[in-house]
Structure formats: C-alpha cells, structure tokens
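Trainee: I need the structure of the sequence given here:
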Amino acid sequence: MNRSKLAIMATVPMLLLTITACSGNNGENRVVIQEPGKTITIIDNESKTPAAEDQIAVGNIQKYEKMYIYGWLNEETAIVSKENESLEKMKLEELSDTYPHSLYQYNLKTDTFTPLLEKENIYIGGVNLSPDKKHLVYQEYTIGDPSFYLMNLETQQTVNIPVAMSARWVDNDSVIGASYAGGAYRATTSGEIEAVSEIKDDFLFLVAQVGDRLYYNTNASESLMVLDMETKEIRELGFASASNIIPSPDGTQLLVENYGDSKGKIILSDMNGENAKTIAEGAELGGISWSADQRFIAYSKQDEINAAMVKGLYVYDVLSDKSTRISANMESSLSTTWNPSGKELTYTVWNGSSYESSVIEIQQHLASSVDE
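Mentor: So this is what the prediction gives:
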C-alpha cells in the first residue's frame, strides 16, 4: 500500500475518495494538437487555439474553514459537506466533541446553503458528481468502513450499494467499484446491482471503466491491468505500483499515480499506457484533477529539496509541458476540483482538526502567438 494512501487514511480513515471516470463526448468544439508520438485534445474551446507559452497566475484566494468542497454544479454552486450544529453531537465517545457532517448545495456568491442530506450521528462525505451533474455518489460513515449511496439531485432519493468498497462513475447512470464479495460490481442510479463477470479477482484495489475498457489491479499485485470488454483481451500496462488512475474528461488520456521504492510519480499516457511521460515526482502526491477542457492538471506535492521539505499546490499545463506552483507551504491536498470554466480551482486539506477548502482564481496571461 502506498504512502499517499496511508497518509490520507491516517487523517480521515473513513473517507475513500471517488473519482469521476467519463466516457467520450460527441467531439464538438475541440482543438486537437498533434505532436510527435502524441495527440492532445482541448475540449470546448471556440475562441482561440491555446498558446503553449501562456502563463498561469493566481488571482483571488478565498478560504472556507470547516468545509469540504467536493464539486461544482455550475459557476456559482458547489456540493459541500460540513458540521451540522443543528443536530446533536456524535454519540460515540471518541467522536463526542464533533457534530454530524451533512451535505449541502452552497452558493459561493451569496454564501447560502441549501440542505441536501442530513442524518443524526452520521458523517456524510466522499462525494462525486455524475458527468451530467444530475446524480452524486456519496458515503455515510462513523467509525469503520463507509457505506456508499447514489442520490438523484432533483428528487433527493437515494439508493444504497451494500457491496461497495469503492465507487467511480462509468457514465451518467452507473458506477463501478471493488466489491466486498470479491471482484467488482456495477450499480445503476435506479438501484440495479450486478457482479462484473469480466473481473473475478478477489481483493481488487483499483477498478475503473472508461468506454469499453476496464482498468484494475489487486491488493496482491499493484500492476495496472486493462481489459478490452469487446475482445476480452487483458494486458498489463506497465505501471507496476499504481495507486490511483484519473482518466481525462473525454476518455482519451490517463493519469496514473505510481509509487516506487522512494518517490511517487504522476504519469500521463494514452489509454493504452503508451507515450507515457512523468509530469510530477515527489515524496507525497495528491489532489490530482483535470480541468474540463483538459488543458490543465492540478496536483499537490511534498518533496525534500536540499534537506528541506517543500510543499505546494501545482498546475501542469499539458501544452507547454510546464508546472507552476500556485500555493506554497500547504499540506498534501485531499482533493482538487475545477469549476466548469476552469477559471477557479478548489483544493481541500485536513488541518489536523477539520477540513479546510480554498478556492483559487486561475488567471492566464495570454501570449500573442503559438510556438510549437
């Protein structure tokens, strides 16, 4: 088990982060840039071709204490969890100084909360929105393993997934994950649950589906495998110690968080594991996310440089192949998430006693020409 995963579980042992895995879109409004050995796709960019030498700068930073921002419904509204002081404190003695965590829609412009889900004696978290933002998967927990649920945001009806050890979105209406029964499961927003017959390995660690490909590894072997569900061919992708995978929004590229003997790496490749390149390396990595147009990748990193521990939040520009540190001296981020326009980036940390989220305004100083 890698050190990044251990660090997260030590501070928030019941919170298993889920990551959206999207299949492709209809291909409209794209800029496709071809370079030797790779293709980069930028989605929904009608106004200009991104310049490789554009510079990233930080604008306003707004901090939100005792709040976990999980994802954006639109430019102004996010899904958050926070302590609910209108409920009684937690009953367990070791948690009795805290309140239950409830789920809200939060308008960042008006500073108003709309309750989504609140329960006595329950922490609610681990939220991830479906690609169309009409459903979410979330977790309920106290001490021990969490329980996974799906929620319809319009009706607020929920569906329990009792076999789930993890959950990632496959499409707008279904999730996939490791099962307590062994192997993997699929569950739909209407409540249908089935075993994934193509993967029967016990004790799966990672499970994700992108289009007709299933990616997985096991606790016994952390080597990342991919199954083509049409041909039934299984291949090893060459990432021997994969602890996480983050597909791009359109399902054409793959980020692999990989831990070796000494340091972790974030590796960018195509969906077959080819044309792989390391975009970040450090003792601790976390908070990895794509911007919606696939131009930027956010991540946090801690690394020892000249006998000093350097910590920060970074944004990697896919086109320029450069990373910019946008926040320094922060603990490893539990998660990051981009707003739909890519102009704001949220990161959340555990400060030792509570969650703390910040929203950073991302600015680009545009270059006058493209130099490939």
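
Trainee: so who does Tyr355 touch?
Mentor: For Tyr355, the contacting residues are 66-68, 81-82, 334, 348-349, by CB atoms under 8 Å, 6 or more residues apart in numbering. C-beta here means a position set from N, CA and C on the backbone, and glycine is covered the same way.

Trainee: which among the residues you listed gets closest to Arg168?
Mentor: For the contacts of Tyr355, the residue nearest Arg168 by CB to CB is Leu334; the value is 16.8 Å.

Trainee: And stretch 108-119, what's buried?
Mentor: 108, 116-117 (16 or more other CB atoms under 10 Å).

Trainee: go on, stretch 269-277?
Mentor: 269, 271, 273, 276.

Trainee: Same question for stretch 214-224.
Mentor: Buried residues in stretch 214-224 (16+ other CB under 10 Å): 214-218, 222, 224.

Trainee: Compute the first-to-last residue distance for that stretch.
Mentor: 10 Å (CA to CA, to the nearest Å).

Trainee: so where do the strands sit in the stretch 201-350 of the chain?
Mentor: Counting by DSSP state E, counting those that start in this stretch, one finds strands in the stretch 201-350 of the chain at the ranges 204-210, 213-218, 225-228, 234-236, 242-247, 253-259, 264-270, 277-282, 284-290, 296-305, 308-317, 322-328, 335-338, 344-350.

Trainee: re the thing from before, from the contacts of Tyr355, which is closest to Leu206?
Mentor: Nearest to Leu206 among these: Leu334, at 18.0 Å, using CB to CB.

Trainee: Grab the nearest non-local neighbour of that closest one.
Mentor: Residue nearest to Leu334 in three dimensions, not counting chain neighbours: Thr348, with 5.1 Å by CB to CB, 6 or more residues apart in numbering.

Trainee: so that neighbour makes contact with Tyr68?
Mentor: Yes - counting by CB atoms under 8 Å, Thr348 sits close enough to Tyr68 to count as a contact (5.3 Å).

Trainee: Identify the contacts common to those two.
Mentor: 334, 355, 357.

Trainee: between those residues, which is nearest Val170?
Mentor: The closest of the shared contacts of Thr348 and Tyr68, once distances to Val170 are taken by CB to CB, is Leu334, at 23.5 Å.

Trainee: number of nearby residues for that closest one?
Mentor: 22 (other CB atoms under 10 Å).

Trainee: Just read off the phi/psi values of it.
Mentor: phi -70, psi -40 (degrees, to the nearest 10).

Trainee: With Ala78 as the reference, measure out to it.
Mentor: 15 Å (CB to CB, to the nearest Å).

Trainee: related to what we said a few turns ago, contact partners for the residue nearest to Leu334?
Mentor: So Thr348 contacts 68-69, 287, 333-336, 355-358 (CB under 8 Å, 6+ apart).

Trainee: How about it: which residues does it bridge to?
Mentor: Beta bridges link Thr348 to Ser335, Ser357, judged by DSSP bridges.

Trainee: ok, now Asp317?
Mentor: Phe296, Lys322.

Trainee: Would you agree it is in contact with Ile56?
Mentor: Yes - at 6.7 Å, Asp317 counts as touching Ile56 under the criterion of CB under 8 Å.

Trainee: Nearest to Phe205 among the buried residues of stretch 108-119?
Mentor: Out of the buried residues of stretch 108-119, the member with the shortest distance to Phe205 (by CB to CB) is Leu117, at 28.4 Å.

Trainee: separation between that closest one and Leu87?
Mentor: 12 Å.

Trainee: what do those two both touch?
Mentor: Joint contacts of Leu117 and Leu87 (CB under 8 Å, 6+ apart) are Ser102.

Trainee: Correct me if wrong: Ala276 contacts Lys265.
Mentor: No - contact status for Ala276 versus Lys265: not in contact, 9.9 Å apart, counting by CB under 8 Å.

Trainee: picking that back up, the buried residues of stretch 269-277 in helices, which ones?
Mentor: With DSSP state H as the criterion, helices contain none of these.

Trainee: Tabulate the residues you listed (JSON lines), appending distance to Gln253 and pLDDT.
Mentor: Output for the buried residues of stretch 269-277, formatted as JSON lines (distance: CB to CB, whole Å; pLDDT from 0 to 100):
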{"residue": "Ser269", "distance to Gln253": "7", "pLDDT": "96"}
{"residue": "Met271", "distance to Gln253": "7", "pLDDT": "95"}
{"residue": "Gly273", "distance to Gln253": "11", "pLDDT": "93"}
{"residue": "Ala276", "distance to Gln253": "11", "pLDDT": "95"}
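
Trainee: can you list these in TSV and add distance to Ser179?
Mentor: Listed next are those as TSV, based on distance: CB to CB, whole Å:
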residue	distance to Ser179
Ser269	27
Met271	24
Gly273	25
Ala276	30
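
Trainee: Farthest pair within those?
Mentor: Maximum distance among those (CB to CB): 11.4 Å, for Met271 and Ala276.
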